[in-house]
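# sequence unknown, structure follows:
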């Protein structure tokens, strides 16, 4: 039986987190507002990116930043005509770094949620990271109902865990692991029959030569990702919304996504319930 009390507790914590940051933001955004013209005058843009999440943002064998987000950030800097400074972000520090003015904006492969949208200003989606079931080739898993027949692994504390708890039939055996790497390894080593997580898990399966034994079963849920600016940074928001729209239309973002994620970029929405992408609502 699933622990609904822990889910309710997590909801309260997230609500409190949003309230605290929202209060901080109300004091910070006016003083820290940044525009494209200000960045051009300064000659530098400080962009928050991940540095340990292949293939989104990571440090390559030559010690250089690389990945989908990194190429997107470089393209933005090129259009602004500025030097690029990367600031390392994590799931815990990315919103405080933005709100406090340590970065000019985020290119973070961050899931767009209503709670976060109360605190930061999202740009229209530029990527997706579909929440996906990966499993043994001979496992007959096509829908959520099939999960109850197998042992399912998931990254403990990730966005994938509460979703799995929600969609899996009661009684499904769920094993939790400390991070994405150990979750995928649990599948490859036979500790579990299937795992729920990122679409990019398939890259690890391919790189380790296990494509014949393991594969993608089905998409559990959409997971749209957005860049972010501070609330009140209207000109920066307008610039980045235009950037995403133009490079969606000309195929640039599709090509980068295919290069790094290995699959076609989905058709992404420009509106989502409870999230304002215009900065004017």
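Thanks, I have the structure now. What you are looking at is a predicted structure, and each value in this text was computed from that prediction instead of being measured.

# burial count for residue 219?
Per other C-beta atoms under 10 Å, the neighbour tally for residue 219 reads 14. No exception for glycine: its C-beta is placed from N, CA and C like everyone else's.

# Helix, strand, or coil at it?
strand (DSSP: H, G, I helix; E, B strand; the rest coil).

# can you pull up the bridge partners for it?
In this entry, residue 219 is beta-bridged to residue 132, by DSSP bridges.

# ok, it to residue 161 distance?
Per C-beta to C-beta, to the nearest Å, residue 219 is found 17 Å from residue 161.

# Next: residue 151.
15 Å.

# For residue 214, which residues count as its bridge partners?
Residues in beta-bridge contact with residue 214 (DSSP bridges): residue 136.

# What pLDDT is listed against it?
Note on residue 214: pLDDT of 98.

# May I have the residues that are in contact with it?
Contacts for residue 214 were tallied using C-beta atoms under 8 Å, 6 or more residues apart in numbering; they are 134-137, 187-188, 205.

# swap in residue 103?
46-48, 87, 89, 97.

# what's the closest of those to residue 179?
Residue 179 lies nearest to residue 89 out of the contacts of residue 103, by C-beta to C-beta, at 16.7 Å.

# which residue sits closest to the closest one, ignoring its sequence neighbours?
residue 48 (4.2 Å; C-beta to C-beta, 6 or more residues apart in numbering).

# now that neighbour, what's its secondary structure?
Residue 48 - assigned by three-state DSSP - is strand.

# State the distance from it to residue 81.
Counting by C-beta to C-beta - residue 48 and residue 81 are separated by 20 Å.

# These two: which has the busier surroundings?
For residue 48 versus residue 81, the count of surrounding residues by other C-beta under 10 Å is larger for residue 48: 27 against 11.

# Quick one: distance of the host helix or strand of residue 166 to the chain centre.
Following DSSP states H and E, the helix or strand that holds residue 166 is helix 160-167. A distance of 17 Å separates the centroid of the chain from that of helix 160-167, by C-alpha atoms, centre = their mean, to the nearest Å.

# Touching that helix from outside, list them.
2, 7, 10, 131, 144, 147, 152, 154-155, 174, 176, 196-198, 220-221.

# Just flag the most distant two among these.
Distance extremes for these: the farthest pair is 2 and 198 at 22.3 Å, using C-beta to C-beta.

# These two - which one has more neighbours?
residue 198 (26 against 15).
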